[in-house]
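A.B. asks: Predicted model follows, preceded by the sequence.
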Protein chains: 2
Amino acid sequence: MVRLTISIALLAATQGITCASTPSEARYDSPAYNDSSLSPKERAADLLQRMTWEEKVGQLGGVRKTLGRTNGLATFNKTAFDLIHKTQNGQIGLGPQYNYAKDVLPVVNELRAEQLNSTRLGIPYVTITDSLNSMWVSGGTLFPGAVSMASSFNLDLYEQAIAAIRDENHALGVNWVLSPELDVAYDPRNGRNGEMFGEDTYLISEFGTRYVKTMQAKDENGFVKIATTIKHWVYGRGNGGVNRASMEGGINHILNDLAPPYIKVIQEAEPLSLMVSYASVDRVPMSINRYMIRDVLRGLLGFKGLVMSDANSIGYTVEESKVSKSPEDAAQKALRAGLEHELSPAGTGLFTTLINFVNNTEIANMIDESVSALLEIKFATGVFDSPLPSIENLESTLRNERHLEVNRNISRESIVLLKNDGLLPLQKTNVSKVAVIGAYADMINAGMYAACNATDPTYGSSFRRSLVQALGNENVLYAKGVDALPSNDSSGIDAAVAAAQEAGLAVVVLGSGYGTFDLSEFNNRRTDGEGFAHADLGFPGLQQQLLDAVLDTGVPTALVMSSGQTFVLNESTMRAGAILHSWFSGEFTGDALVEILFGDVNPSGKLTVTMPQANGAFPVAYDYLASDDQGGFATATLYDWQWPQVTRYAPLRFGYGLSYTKFEISSPTVTSCSGNVTVNATVTNTGDVAGKEVVQLYYRPEHSVIEFPIMKLIRFYKVDLEVGDSKVVSFTVPTTELGYYVDGEWNVDYGNYTFWVGSSSRTEDLQQLNVTVSG
Amino acid sequence: MVRLTISIALLAATQGITCASTPSEARYDSPAYNDSSLSPKERAADLLQRMTWEEKVGQLGGVRKTLGRTNGLATFNKTAFDLIHKTQNGQIGLGPQYNYAKDVLPVVNELRAEQLNSTRLGIPYVTITDSLNSMWVSGGTLFPGAVSMASSFNLDLYEQAIAAIRDENHALGVNWVLSPELDVAYDPRNGRNGEMFGEDTYLISEFGTRYVKTMQAKDENGFVKIATTIKHWVYGRGNGGVNRASMEGGINHILNDLAPPYIKVIQEAEPLSLMVSYASVDRVPMSINRYMIRDVLRGLLGFKGLVMSDANSIGYTVEESKVSKSPEDAAQKALRAGLEHELSPAGTGLFTTLINFVNNTEIANMIDESVSALLEIKFATGVFDSPLPSIENLESTLRNERHLEVNRNISRESIVLLKNDGLLPLQKTNVSKVAVIGAYADMINAGMYAACNATDPTYGSSFRRSLVQALGNENVLYAKGVDALPSNDSSGIDAAVAAAQEAGLAVVVLGSGYGTFDLSEFNNRRTDGEGFAHADLGFPGLQQQLLDAVLDTGVPTALVMSSGQTFVLNESTMRAGAILHSWFSGEFTGDALVEILFGDVNPSGKLTVTMPQANGAFPVAYDYLASDDQGGFATATLYDWQWPQVTRYAPLRFGYGLSYTKFEISSPTVTSCSGNVTVNATVTNTGDVAGKEVVQLYYRPEHSVIEFPIMKLIRFYKVDLEVGDSKVVSFTVPTTELGYYVDGEWNVDYGNYTFWVGSSSRTEDLQQLNVTVSG
């Protein structure tokens, strides 16, 4: 096949794109499904009975990779598109993230218009995309990664960020996102942890609920702005920390360790769709796992939205796990299990084979349900009713002042200060020169599901560029030292050491991640993201060697980490005078780092994942089961491995993060009455600068029916305090919320409880409260 | 309480022990339970109805730590014993492993006699002990560890070894062992892997069946010689590789990944008892897990024997997991779950609290069942009928010629040669001096459940001592180099390097384990065993530094590993000209190593666990699920971590091991008929010396209902071949054996299968055969 590749400009010139057709006029004699006063369900039912078998089966898939990219230009391959969209025309995507929104919109609008104007019923596509910390094409506001924004523990700020991302997507005509990820960042080896919110299910629930509510906010016409997809049901504790790995999956484990974010988000925010994971649960791949979809998700948890596959996941049941004998067999198994839509980014999906089952009533009925589910999303989001998006609106929406301001705010709160021996904040009057060292100092490391070229300055300021702006080029001595990727070239270390010595102050930025606009190098030029599992939790390549050499000089040094993952901080690393984790960057993370280094911003981020302190010493999540902490006859425990850590081992735990001021949490009280437990505590800023503290509430029942973690987060609140100010933080928790699932039934223990209130999950940061809860 | 400690000698002298009372005479007017022609069940039923409530409850526990040890002497604390045995008198143990059998027997015989003569019904204790690779007191034949003997892949030889261990135990009056371990050595971090047979459930099944059948062989009077305890139901894939850690536990996972050894051993060998694990399964600790005991173990798997706790495991449900509210609550929960006997080595058990439930019919009935189960073991093993063991028989049994010969034979086959660049076998004529380096070169590292003092020469020859015997003291330059335990003292490395250079040939023995007779140091002077989880899979302490220094000299070097665990063999380590794993040592492992080094014995051991080649890159077991191997977009897979291993990563896999000769496996054929699959292959010794090869058969159905591993071992056979000789190895596998459990039902797929026959589980060592299996 000869691949036809034409540039956008050529296409637009020769074909004359119409950008603002209004599909609700002129094309129909007003059948019921065109009546926007009817509910999406009613409209879908009306439309469904007008559709042919082929039209129905076509709705089960779509074309995600509409555009391509060649020689740095957005390209559109009409032949390839037409080949696929004939049998898969439920949705379209935007193609690779490397293209710019302004180049993408005309092409996608043309496809939308063609679908409306050239098909029998003119059923529109719905446009679908991933969207974690930005649109998933270039040109929008680039926020820090999901794990970064969660580190702010600031739900209101996060909501503002998601509203900005929503509006930028909406201006492109995106009405459906493949986000948020409700997965649990449990295994530090997992290369996707940076896409998640953290290791705690309550925290994930809170951020996930905000994401879904904000994205699905209704417009002035009552249409959901953007449908969301909670994913990946279920995932996060796969074997070996590997992306698509199996999970053993008892029901108590699933419902208590993995499902809570789904339960809360479904109940509180009604996400319109859900994506299954690649994982197999108890040896049954999720794409064909009827029990986990129909029984647990639908039956027990009451999910009402559309259920979709992950990319190619139905096919993997044939090719890899071999639990399906053929594409037809897999498609039927998936449909019977409850899958209603297929994501097949690379070509023809397996659901297209269902075309052969026209005489199978069971299959046909399930396909009717599946098509209805998709049509309801289209009706709910106004795809049938709204005009195509305009370039003008796109341009006025993307990167507007409000979005950039929100981004600056959340970037400042997403950085976590992990160690400070007094080095920070730097005093501008004392600092003449700064040595900036490390490849990650000069890139925007935004993660693989962000639209970003790590080394392209148009994507914002790297830390180096931000510092140059603050201090002047002559005062920033940059030395890359070693490559970001694995390499044997240590020749740059000497120059880095010399720079540190010359400046008398060093900031070393190490990390994992990276990214590029070059598709052919996409996988070779990164060390994190989907597809990666980190056997070694050190810094990739020779970065540790670089850090050690700088620290050996004795020059005061701050270490900044950049990535979606946690790293082992070994004894050598801990010599750094200050350590910060900036996670995946947004376009203003470099600026925020400079503001924090010099004390213009007081850091307030907290860890949402526990930092392991030894390779192989995991899991390390703070909310472990008592039985997991029992390794030893002598002193050995899971967090205290007998060898090489002979003495108790204290990782930097969930909820931990330092400030430039001091907070005192005093006079905590707990009461239980009228079905609520109420915990009050006074927080006082006893230090020298204004700052924000995250007050955290944890609990454990004294006795439980099945094993309960040693503690669980149940509330948090971020409080902003001027010097000397106090505020009373009050948490009210309905007693019914204190429970857990026992074999599928919600159970609340009545009796004694311990609550802990404090500034992190570390014992030394918590105050204990005892209360009796009665039924 | 003043602790009374008197030496054995004193006790014997002052109290006049009667060693050979015959309890079946004189003491009863021949009630039915004394009639050995009745079945154990009938005798137990008769006895039960004669017992008081207190006598019944007393049978639910025992006193395991009868003896103690002070200042190197066996001691007996009668006050402490009497205090416990009043309420726990079902069984007694032998006390710590450090005492000698000849010192232990008189004390234990006195206790036995007292119980027979001074109690109302004279119900004897049954004597219980751990027994993995020896008696669990000193003075017997010390075989290599369980994982070592399994590495022989020689079931007949293993059976001979277990027969010897059985007879030595029996001579002490032991009638019940807390072995074998059917756990799966799946996580390389687990400190108990050396007590297990390996990572493959078929291999475990085969060795476990031999153990149970051999131990439970009947004597001339029809009594079972020694009752066995299969354990730990279920265990082996706990969270983080930690000993007592939780497992997530879906039923397909449990039945297919963990239960197969139980299923086979129960069906083929009828073990008389079973011990539950410390683990919680799906958040329910096994000690109170009614579903896993009554439903799965009893109901589905049909286990008929006694079910017991692990040491203190019922108590942990109160103190740690807090799923029981009090000792009484825990005892009831355990009883209801199906536990019938409590192991409470350190003092009073929780089952003693059941004394308060005399008026509770449900509890009383369950206690009747529990007491019957124990009495049946006592009747089945002849405890009621046989005379007490005599010192004379003990002395003629322990370490007899036959036992030592079997031990030499299995020691030779338990060592695995992992690498040989031609260094081995050494030619005696070419070797003048050998540098022997490393702390493990001069100890017997037999594991914590072996009766052994690692540094006591009476326990056999260390490698160093064996080599001195072979070459003369003047030709063995020993340098310990660094300590076996973690230490910062590298001062001995220079001497080791000098010894290597002087000798021109080095054997470096590194490991993990160790042991001591000093109770107070028992946990501080080891780095492996129960209670340990290895975050780092390198060699403890400075051993790697020692090895690196020796290898840096360029002197030809063989590395010998000594331990129950696998180690990461890094690039530096792989420079060694030859690498052997000798696992946990027996008393002749040192001799066997010398025989192998010089070619007097051709090595024939094979790995029963896959060696990881990167820390954190686990699990590594060969029989992974297809979904676990899918880490990446690019080249990343579980066994091929994207970073730091960018290219495919090939660990030394299950079944792998080298020989000094070459074997060719040719003309393999497969046929399927009459309900059997038959695979034949010709094995030829094409090398220069006689040797033994383990022919291995693996399989996978083309399609399966739920995920099936990428391959599973189904048969193996060890063949002994002179130079040039050939043998046809024929494997017959009933079709019904090819299945797996789907939600509790056994399922066999009919259709296409792949079988692989070869010398290891590595692709390059296997030949593939395809066959269609019909129902």
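C.D. replies: Cool, got the structure.

A.B. asks: downstream neighbour of the longest helix seen in chain A in the secondary structure list?
C.D. replies: If you go by DSSP state H, chain A has its longest helix at helix A:361-380. Tracing the chain past helix A:361-380, the next element assigned as helix or strand by DSSP states H and E is helix A:391-397.

A.B. asks: Give me the contact list for that next one.
C.D. replies: Applying C-beta atoms under 8 Å, 6 or more residues apart in numbering or on different chains, the contact partners of helix A:391-397 are A:19, A:101-102, A:105-106, A:167-168, A:170-172. In this view, the C-beta of every residue, glycine as well, is placed from N, C-alpha and C.

A.B. asks: For that helix, what is the distance to the chain centroid?
C.D. replies: 26 Å (C-alpha atoms, centre = their mean, to the nearest Å).

A.B. asks: May I see the buried residues of that helix?
C.D. replies: Neighbour-count burial for helix A:391-397 flags A:393-394, A:397 (criterion: 16 or more other C-beta atoms under 10 Å in any protein chain shown).

A.B. asks: Return that helix as CSV; C-alpha atoms alone will do.
C.D. replies: The C-alpha trace of helix A:391-397 is given here as CSV (Å, rounded to 0.1, in the frame of the first residue of the first chain):
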residue,chain,number,x,y,z
ILE,A,391,-10.4,28.6,15.0
GLU,A,392,-11.3,32.0,16.5
ASN,A,393,-12.6,30.5,19.7
LEU,A,394,-9.7,28.1,19.8
GLU,A,395,-7.2,30.9,19.6
SER,A,396,-8.9,33.0,22.3
THR,A,397,-9.2,30.0,24.6
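
A.B. asks: Past that helix, which element shows up next along the chain?
C.D. replies: Counting by DSSP H and E, the next helix or strand C-terminal to helix A:391-397 is helix A:401-413.

A.B. asks: Let me see the mean pLDDT of the next helix or strand after that following helix.
C.D. replies: Next along the chain after helix A:401-413, taking DSSP H and E as the criterion, comes strand A:416-420. Mean per-residue pLDDT for strand A:416-420: 97.

A.B. asks: Kindly report the same for stretch A:91-104.
C.D. replies: Here the average pLDDT along stretch A:91-104 is 91.

A.B. asks: and what of stretch A:466-480?
C.D. replies: Taken as a whole, stretch A:466-480 carries a mean pLDDT of 97.

A.B. asks: can you tell me the distance between the two ends of that stretch?
C.D. replies: End-to-end span of stretch A:466-480 (C-alpha to C-alpha, to the nearest Å): 16 Å.

A.B. asks: Show me what it is in contact with.
C.D. replies: Contacts of stretch A:466-480 (C-beta under 8 Å, 6+ apart): A:431-439, A:441-442, A:461, A:464, A:492, A:495-496, A:498-499, A:502-503, A:507, A:590-591, A:593-594, A:598.

A.B. asks: Next, count neighbours for residue A:52.
C.D. replies: Number of residues near residue A:52 (other C-beta atoms under 10 Å in any protein chain shown) recorded here: 10.

A.B. asks: so how far is residue A:120 from it?
C.D. replies: Separation of residue A:52 from residue A:120 (C-beta to C-beta, to the nearest Å) stands at 8 Å.

A.B. asks: Kindly report the domain assignment for chain A.
C.D. replies: Using automatic domain parsing, the domain parsing of chain A gives A:1-16+A:62-124, A:174-387, A:411-605, A:663-773.

A.B. asks: could I get those as JSON lines with mean neighbour count?
C.D. replies: As requested, the domains of chain A are exported to JSON lines (neighbours: other C-beta atoms under 10 Å in any protein chain shown):
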{"stretch": "domain A:1-16+A:62-124", "mean neighbour count": "18"}
{"stretch": "domain A:174-387", "mean neighbour count": "23"}
{"stretch": "domain A:411-605", "mean neighbour count": "22"}
{"stretch": "domain A:663-773", "mean neighbour count": "18"}
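
A.B. asks: of all the ones you listed, which has the lowest average per-residue confidence?
C.D. replies: Across the domains of chain A, the stretch with the lowest average pLDDT is domain A:1-16+A:62-124; it has a mean of 79.

A.B. asks: Can you tell me which residues in the stretch 51-200 of chain A are near chain B?
C.D. replies: Counting by C-beta under 8 Å from any C-beta of the partner chain, the stretch 51-200 of chain A comes close to chain B at A:189, A:191.

A.B. asks: what are the ranges of the helices in the stretch 51-200 of chain A?
C.D. replies: A:53-58, A:78-85, A:101-118, A:146-150, A:155-171 (DSSP state H, counting those that start in this stretch).

A.B. asks: Out of these, flag the one nearest residue A:364.
C.D. replies: Closest approach to residue A:364 among the helices of the stretch 51-200 of chain A (C-beta to C-beta): helix A:53-58, 7.8 Å.

A.B. asks: related to what we said a few turns ago, now, the most widely separated pair of the contacts of helix A:391-397?
C.D. replies: Greatest spacing in the contacts of helix A:391-397, by C-beta to C-beta: A:106 and A:167 (19.9 Å).

A.B. asks: List the contacts of residue A:69.
C.D. replies: By C-beta under 8 Å, 6+ apart, the contact set of residue A:69 is A:75, A:95-96, A:98-99, A:517, A:519.

A.B. asks: Inside strands: which ones of the residues you listed?
C.D. replies: residue A:75 (DSSP state E).

A.B. asks: Give me the contact list for the longest helix of chain A.
C.D. replies: Contacts of helix A:361-380 with the rest of the structure, by C-beta under 8 Å, 6+ apart, involve A:33, A:39-41, A:43-45, A:47-48, A:51, A:53, A:56-57, A:59-60, A:90-91, A:123-124, A:126, A:175-176, A:223-224, A:227, A:272-273, A:305-307, A:332, A:335-336, A:339-341, A:354, A:357-358, A:384.
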